[in-house]
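[1] how does the following fold in three dimensions:
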Amino acid sequence: MTRDARLLERSRLDVRRAVRRFVEPAGFVEALAKLLGSRAVVLAGPSGSGRRTAATVLLDRLGGLHLVEIAVDAEASLARHPVAAKEGYLLDLSSADDETVEQVRAALAEFTAALDQEDSSLVVIVDDGRAAGFEAVRLGRPEPREVLAAHLEGMEVEPALAELPSTSAEAVRLAELVVSVEDRQDVLGALSNWAGRLRAEFAGHVDVPWRALLLAAAVLESALQDVVHAAADALLDETRYVGTKPHPLAGEGLAARLAGIGASAGVVTFDRPGYAEAVISHVWTDFPALREPLVAWLVGLPAILSAEDAELLVPRLVDLGVEPVIRAVTAWSESALPLAHRLLATAALDPVIGPGIRRVIQDWSQRRDLPRPLGEVAIAVCGAELGSRYPHVALTRLGSFVKRPELTDQVAAALSTMAGESQFAQVVTRLARWLRETDAARKALAVRALLDEAAAQPQHRDTLLNLLVQAAGGRPAELGALDLAAFEWRRDGGSRDVHDQLQAKLNGVDPLLRSAISN
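    Model (predicted):
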């Protein structure tokens, strides 16, 4: 998918599949009636019951809407979120903090009025415990067997398997396994996250090198065997293992050792579906004393990996949670910048830890002591991946980062990326707001960014230059400041054509005002 596709990848898949695989839960018809009548509905229900799918189908049933998932928080509030025409908004608050939920509740009525003006609609998802603050419609749990049957699309499954899932989410997972995995025991193992097998394996192999090799293979599955071997040695060093180091020719060879952990030689893979992820989860849960050195090991691994192999660390760290991600991004921003960007972008959009990561970026944007490399990574992510998916959140973060003078160029570049890729209207709207603010740094950046966009997008040039002149409101001091800012922008390499066109517009201002500017 190209970055200018505004629809969330996950939501796009839901739209394509949900209509034919959706099992209506209790409360769905009530929710649809409310959405048709009032433009907004709040859905509550237990986790794993298919709330997101229900929300997407609700919006799809309205017809003619462009479906977009949005994000808000205490800083990037719903009250200030723009509303476009014919949009179907999905807002998932199931992982939001209390402050965010409260500001959404307070702003919902006014936002709904804006939706009505634009012929748009909104579905909000909240947890059961927060439903009391809204006039929420509670969705029941669909029957897991029905969900399983819908996702298997006519495929037969033995009754014993069909009885296993207890939620819609488990039913969907089982359907995916049944379709993609032939062996019934592998289906059962993957469905249980291989819990029983891993307990037995670890009970039977208490030697640390065996476990280190297993963990290295899990983290770097699909890397070459020598890479996995080096990573296992690095883990032993990180954990200060003091066992006797064997002679290089002693014991089994690497291929046999890999076979002993259930992995292939050469390109290291496991033949059990989901086994690598299950190993990491088991170690993280069952060996809490290892968590600190494990993260330190992961953070240090890029030093001995190729750039391609280092990419394998990104999903592993995201699965471990917010703190490991932030620790890695902080370190890699100093030594492995592209990897730091990739990790932060992936984590910021993750459905589980994304809200927490976005809160961290918010905190960073307001810190004056934030290391510059870390700020540059966060700004670049705001301008690219986060800005493409959640422009309201990204622009709010950039508006705080701009108060760091040494990061002004990076913020301007991020705004240009957003405007040029997919979010021109939102960027210009936000810049127009900054022009009206008293904050000098934001106003200066807004002028520069609008001039940059006027140069980059000639089809919008007249509109953008008019916006600059109109923002001055006919005030001599403001017009004079704009004149000076445009001169400095041109002096620093800006387009002569844009500068000359702005000068012509300024020359068209009332002569008395023009005289005041000159003086």
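[2] how about low-confidence regions in the stretch 1-150 of the chain?
    Along the stretch 1-150 of the chain, segments meeting pLDDT under 70 span 1-18.
[3] now the residue minimising distance to the centre of the chain. Nearest residue, chain neighbours left out?
    Centroid check for the chain by CA atoms, centre = their mean gives L349 as the closest residue, at 0.9 Å. Leaving aside its sequence neighbours, L349 sits nearest to R389 (CB to CB, 6 or more residues apart in numbering; 5.6 Å). C-betas here are computed from N, CA, C, even on glycine.
[4] A278 too?
    Closest residue in space to A278, ignoring its immediate chain neighbours: W194 at 4.0 Å, by CB to CB, 6+ apart.
[5] number of nearby residues for the one you found?
    By other CB atoms under 10 Å, the residues close to W194 number 24.
[6] likewise the one 3 residues further on?
    By other CB under 10 Å, 17 other residues sit near R197.
[7] tell me the SS of it?
    Secondary structure state of R197, per DSSP: H, G, I helix; E, B strand; the rest coil, is helix.
[8] follow-up on the earlier one: now the residue nearest to the centre of the chain: how far from I357?
    Distance from L349 to I357, counting by CB to CB, to the nearest Å: 9 Å.
[9] one more: T269?
    According to CB to CB, T269 and I357 sit 29 Å apart.
[10] just D183 next, same as before
    Counting by CB to CB - D183 and I357 are separated by 37 Å.
[11] show me what contacts the residue nearest to E334 when sequence neighbours are not counted?
    The spatial neighbour of E334 that comes closest, neighbours along the chain excluded (CB to CB, 6+ apart), is P373 at 5.4 Å. Applying CB atoms under 8 Å, 6 or more residues apart in numbering to P373 gives the contacts 333-334, 337.
[12] most neighbours, which of these?
    S333 (22 neighbours).
[13] just the buried residues of the one helix or strand D462 maps to, please?
    Using DSSP states H and E, D462 maps to helix 461-471. Going by neighbour count (16 or more other CB atoms under 10 Å), the buried part of helix 461-471 is 461, 464-465, 467-469, 471.
[14] in TSV: the residues you listed, plus pLDDT and distance to I261.
    Output for the buried residues of helix 461-471, formatted as TSV (pLDDT from 0 to 100; distance: CB to CB, whole Å):
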residue	pLDDT	distance to I261
R461	93	62
L464	93	60
L465	93	65
L467	91	62
L468	91	64
V469	89	69
A471	86	65
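[15] just those residues now: which is nearest R173?
    Nearest to R173 among the buried residues of helix 461-471: L464, at 49.1 Å, using CB to CB.
[16] what sits against that closest one?
    By CB under 8 Å, 6+ apart, L464 lies in contact with 428, 450-451, 453-454, 457.
[17] if we use 10 Å, what do you get?
    Contact analysis of L464 by CB atoms under 10 Å, 6 or more residues apart in numbering lists 419, 428, 431-432, 449-457, 498, 502.
[18] among those residues, name the ones in helices.
    Cross-referencing these against helices under DSSP state H gives 419, 428, 431-432, 449-456, 498, 502.
[19] which members of those are classed as buried?
    For the ones in helices among the contacts of L464, buried by 16+ other CB under 10 Å: 419, 428, 431-432, 449-455, 498, 502.
[20] just the element for the residue nearest to E334, please.
    Using DSSP H and E, P373 falls in helix 372-383.
[21] how about that helix, which residues are buried there?
    In helix 372-383, counting by 16+ other CB under 10 Å, buried: 374-383.
[22] contacting residues for the nearest residue to A336 once chain neighbours are set aside?
    Leaving aside its chain neighbours, A336 sits nearest to P302 (4.9 Å; criterion: CB to CB, 6+ apart). By CB under 10 Å, 6+ apart, P302 lies in contact with 309-311, 313, 328, 331-332, 335-336, 339-340.
[23] turn those residues into CSV, columns for distance to A96 and pLDDT.
    Shown next, in CSV, are the contacts of P302 (distance: CB to CB, whole Å; pLDDT from 0 to 100):
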residue, distance to A96, pLDDT
D309, 36, 98
A310, 32, 98
E311, 30, 97
L313, 28, 98
A328, 24, 98
A331, 28, 98
W332, 28, 98
S335, 33, 94
A336, 31, 94
L339, 29, 98
A340, 26, 98
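[24] out of those residues, what pair is the most spread apart?
    Farthest-apart pair in those is D309 and A331; separation 17.2 Å (CB to CB).
[25] what is the longest helix seen in the chain packed up against?
    As assigned by DSSP H, the longest helix anywhere in the chain is helix 98-118. Counting contacts by 3 or more CB pairs under 10 Å, 6 or more residues apart in numbering; DSSP states H and E, helix 98-118 is packed against helix 28-38, strand 40-44, strand 87-92, strand 121-126.
[26] how much does it deviate in direction from helix 28-38?
    Here helix 98-118 runs at 60 degrees with respect to helix 28-38, directions being taken by axes from the mean of the first three to the mean of the last three CA atoms, to 10 degrees.
[27] for A425, see how far away R461 is.
    From R461 to A425 the distance is 16 Å (CB to CB).
[28] over to L479?
    L479 is 26 Å from A425, by CB to CB.
[29] who has more neighbours, the two?
    Higher neighbour count among L479 and A425: L479, with 22 against 12, using other CB under 10 Å.
[30] what's the burial count for the closest residue in space to that one that isn't next to it in sequence?
    Leaving out its chain neighbours, the residue that sits closest to L479 by CB to CB, 6+ apart is A472, at 4.6 Å. By other CB under 10 Å, the residues close to A472 number 20.
[31] A472: what's it in contact with?
    Per CB under 10 Å, 6+ apart, neighbours of A472: 435, 478-483, 506, 509, 513, 517.
[32] picking that back up, need the contact partners of the longest helix of the chain.
    38-42, 71-89, 91, 93-94, 96, 120-122, 124, 126-127, 130, 133-135, 355, 359.
[33] apply 8 Å and report the result again.
    With CB under 8 Å, 6+ apart, helix 98-118 has contacts from 38-40, 42, 72-74, 77-79, 81, 83-87, 89, 91, 93, 96, 121-122, 124, 126, 130, 133-134.
[34] what comes up buried for it?
    Here helix 98-118 shows 100-101, 103-105, 107-108, 111-112, 114-115 as buried, counting by 16+ other CB under 10 Å.
[35] that concludes my questions; thank you for your assistance.
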